[in-house]
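Student: Mind folding the following:
(2 chains, ligands or ions: 2)
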Amino acid sequence: MREEITRRARAAKDKTPAYGNDVDLNAFAQQVPAREKITSLAELSQGVKERALGVGVDASMKDRSGSFFQHDQSVVFSASTIEGLELMDINDALKKYEWLEEYFFKVVQPDQDKFTAYGAMHPFSGYFIRALPGAKIVFPLQACMYIGREGMIQNVHNILIAEEGSELHVITGCTTDTHVQKGLHIGVTEFYVKDNAKLTYTMVHNWGPDVVVRPRSATRLGKNAVYMSNYVSMTKVRDVQMYPSCVMEGENGVARFNTVVYAPPESHLDLGGKAILKAKGCKAEIIARTIAKDGGYVASRGLIQGDAPGVKAHLECRGLLLGKGGVIYAVPELIGSLPGVDLSHEAAVGKIAEEEIQYLMARGVDADTATALIVRGFLDVDVRGLPPQLQAEMKRTIALGEKSMM
Amino acid sequence: MLSIEHLSVEVDDKRILNDVNMKINEGETHALFGPNGSGKSSLLFTIAGVPRYKVTAGKIYYKNKDITDAPMDERAKLGIGILFQHPPVIRGVKLRDMVRISLESRGRKVTDADINELAKKLNLENFLDRDANLGFSGGEIKRSELLQLLGQRPDFVMLDEPDSGVDLVNIGLVGRTINELLEKEKKIIERTKSGLIITHFGNILDFVKADRAYVMMKGHVLCQGNSVELLEDIRKNGYGECMACAKR
Ligand SMILES: Nc1ncnc2c1ncn2[C@@H]1O[C@H](COP(=O)(O)OP(=O)(O)OP(=O)(O)O)[C@@H](O)[C@H]1O
Ligand SMILES: [Mg+2]
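Tutor: Residues are numbered from 1 along each chain as shown, chains lettered A, B, ... in the order given. Ligands and ions are numbered 1, 2, ... in the order given. As a prediction, the model looks like this:
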């Protein structure tokens, strides 16, 4: 099986990605020295702790069901504190569980493009997270992908499994050392949400200004299963492209993608979400709130495909342009293959209407405060279903971003 | 309280107000009538300071201060409030936020409890966490606007058709709230608030007494007088009579 994966990857090693800018993989360091393991996140240096906290990974590990820390290419810490929750280095997991091969490069294809190909052909690290059948894990699990070395490639492969009837909430924070400008993060993440299970996945990015980021993730959803994916990035990052998908194979599955991003000048973000509704009664929502300021660029994509009767899905891309010279490219796509589908989309790109600012000013706030309030409202997506800690985490990250915009 | 002298206003180089004069004393409430498109809302926007409404001649004095060029937020802070005829929908900004900024604009410290209590007065507790004006019915919009004004407590209250689209039960609530805003319960001499009310049919004037009224036509204030008499005249004879009226 592995040979097959490698063979396909090799054939795709120069395959141009379908979206986003091409990247020269040779411009980055492929080999980096290993990092020492630690016995607690408390052992991280103060600087690293602060950066991690900035993306929702709390070194105190308070109110967390487990913690995982990948420093450069080394998993330095990994521990679950809850029964029913497995969390370990993906390489250990692949050794421990032979059956895990069935989940490896299954929803993400090794020959999707040069990035997945690179991922498949090179040593990788990452996490294996699994909620055992029926386990309801209310506290979030936190994982940090940390780049501490200038110019390196961080090659990640994660697998998450929510077994039947389980509930799991994960926050992944991705960040760099303050001195790191440049780097490349390739992250293959495969999600399996089984029947009657619920998985929420919140990803917060705070990369160095010249980092290039290529997550490649996909989800397979079972019957009555719920998947919610949240993505927040509010700081300058050179280039991010991702287009995660969710294939909804069981009846009455629910998928929701929320994207909240801010592209400051010199940031290029090409993002989206895909939902393929293949079974009766599935529901999906893809919501994006994007802001581009001055020279910032955001492509906000979304695709909904309805292939079963009684499915309902909605796509919403709202983009706000602040300042001058920013670009937001909204690309909503709907594909209905049966008369019984109900698919809709809404897209709007523009600057804040004068009329709205004036309405607030008539109540006694100045133009800047009015703008800030409207921006905050714009970014306020509904994250019901997330545990309160993660809701607070998203709000906090977004609020920090708002400050930097004004 | 408010005095408007020879005011002319343009929007996009189009003249919409012509040599308007008006004087509203402390404690007085005036009514403004006129056909659709005559410039009533434009006058209110100009007093509120909406930048699109360019003053090309004349002055606006408020509390003896020339505010002709003052920014909107400054006017609000000075105590000028407006009930919008067609307020915009602001996604993500909740009615609660609007009430909060209204309360804070006059230097108040605000708690959620204060906001809830105010909202209760207008039966809007369940609307506080909805996006401002999104999907509000005609009558709900009026109440939501009044709720914000209750927070703001303006000294000069401008009401753009507070009675349009309001049902027979709610009109009483709207009327009571406006009377509260205008301190109508106090003796005339003790009132410190003044108002300017736009109305087409005058329903609101059954609840809120106006001291004086104007008729506006094509950007001109054509005549002024007793509000009841003017309204009766318009009801009977339409606006045509105003055109010919000797009082102009
Ligand atoms: N922002 C604007 N842009 C363009 N034209 C405007 C604008 N505001 C007002 N006008 C024009 O000025 C004129 C007066 O409009 P205004 O809204 O003041 O009328 P009104 O008396 O309030 O009417 P109604 O009774 O229908 O509310 C109209 O012809 C209107 O189209
Ligand atoms: Mg009007």
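
Student: and the residue of the stretch 201-350 of chain A found nearest ligand 2, what pLDDT?
Tutor: Per CB to the ion, residue A:350 is where the stretch 201-350 of chain A lies closest to ligand 2, at 25.6 Å. Heads up, the C-betas are built off the backbone N, CA and C, glycines and all. Note for residue A:350: predicted pLDDT of 95.

Student: Over to residue B:246?
Tutor: At residue B:246, pLDDT is 49.

Student: Check residue B:118 too.
Tutor: So residue B:118 comes in at 95 (pLDDT).

Student: Now do the same contact list for the nearest residue to residue A:349 once chain neighbours are set aside.
Tutor: Once flanking residues are discounted, residue A:349 sits nearest to residue A:319: 4.0 Å by CB to CB, 6 or more residues apart in numbering or on different chains. Taking CB atoms under 8 Å, 6 or more residues apart in numbering or on different chains, we find residue A:319 in contact with A:288-292, A:298, A:300, A:328, A:330, A:347-350.

Student: If we use 7 Å, what do you get?
Tutor: Contacts for residue A:319 (CB atoms under 7 Å, 6 or more residues apart in numbering or on different chains) come out as A:290, A:298, A:300, A:328, A:330, A:349.

Student: Give the bridge partners for it, please.
Tutor: In this structure, residue A:319 bridges to residue A:290, residue A:349 when assessed by DSSP bridges.

Student: per-residue pLDDT, it?
Tutor: 96.

Student: and if you look at residue B:27?
Tutor: Looking at residue B:27, the pLDDT reads 94.

Student: With residue A:402 instead?
Tutor: 87.

Student: give me the number of residues near it?
Tutor: Using other CB atoms under 10 Å in any protein chain shown, residue A:402 is surrounded by 18 other residues.

Student: how close does the residue of the stretch 201-350 of chain A closest to ligand 2 sit to chain B?
Tutor: Computed as CB to the nearest CB, to the nearest Å, the residue A:350 to chain B distance reads 12 Å.

Student: Not including adjacent chain positions, what is the nearest residue to that residue?
Tutor: Residue A:350 sits nearest to residue A:321 (CB to CB, 6+ apart), 6.6 Å away.

Student: three-state assignment of that neighbour?
Tutor: At residue A:321, secondary structure determined by DSSP: H, G, I helix; E, B strand; the rest coil is strand.

Student: For it, list the residues it contacts.
Tutor: Applying CB under 7 Å, 6+ apart to residue A:321 gives the contacts A:292, A:328, A:349, A:350, A:351.

Student: could you flag which of the residues you listed are buried?
Tutor: Buried members of the contacts of residue A:321, scored by 16 or more other CB atoms under 10 Å in any protein chain shown, are A:292, A:328, A:349.

Student: Please name the residues that touch the residue of chain A most remote from its centre.
Tutor: Distance from the centre of chain A peaks at residue A:362, with 39.5 Å (CA atoms, centre = their mean). Listed by CB under 7 Å, 6+ apart, the contact set of residue A:362 reads B:48, B:72, B:76, B:82.

Student: quick one: which of the residues you listed has the most company?
Tutor: Neighbour tally across the contacts of residue A:362 (other CB under 10 Å): the maximum, 30 neighbours, falls on residue B:82.

Student: next one: the helix or strand hosting residue A:368 to chain centre, how far?
Tutor: Using DSSP states H and E, the element containing residue A:368 is helix A:367-379. When distances are taken as CA atoms, centre = their mean, to the nearest Å, helix A:367-379 is centred 25 Å away from the chain's centroid.

Student: In terms of secondary structure, what does it contact?
Tutor: If contacts are counted by 3 or more CB pairs under 7 Å, 6 or more residues apart in numbering or on different chains; DSSP states H and E, helix A:367-379 sits against strand A:312-322, helix A:354-361, helix A:388-405, strand B:90-94.

Student: Look through chain B and tell me its longest helix.
Tutor: Longest helix in chain B, counting residues (DSSP state H): helix B:138-152.

Student: picking up where we left off before, what's the residue farthest from the centre of chain A sitting at in phi/psi?
Tutor: phi -60, psi -20 (degrees, to the nearest 10).

Student: pLDDT weak spots in the stretch 251-400 of chain A?
Tutor: The model of the stretch 251-400 of chain A has no residue with pLDDT under 70.

Student: What are the structural domain limits within chain A?
Tutor: A:2-352, A:353-406 (automatic domain parsing).

Student: for the record, mean pLDDT for the helix or strand containing residue A:49?
Tutor: Secondary structure from DSSP H and E places residue A:49 in helix A:46-53. Taken as a whole, helix A:46-53 has an average pLDDT of 95.

Student: Sheet-wise, list the partners of the following helix or strand past it with their directions.
Tutor: Where DSSP H and E defines the elements, the next helix or strand beyond helix A:46-53 is strand A:66-71. Sheet partners assigned to strand A:66-71 using DSSP bridges are listed as strand A:74-80 (antiparallel), strand A:141-147 (parallel).

Student: Could you pull out the buried residues of the first one?
Tutor: I take that to be strand A:74-80. For strand A:74-80, burial by neighbour count (16+ other CB under 10 Å) applies to A:74, A:75, A:76, A:77, A:78, A:80.

Student: from those residues, which is closest to chain B?
Tutor: Relative to chain B, the closest of these is residue A:80; by CB to the nearest CB it sits at 36.8 Å.

Student: My guess is the closest one contacts residue A:86. True?
Tutor: Yes - Residue A:80 is within contact range of residue A:86, at 6.3 Å (criterion: CB atoms under 7 Å).
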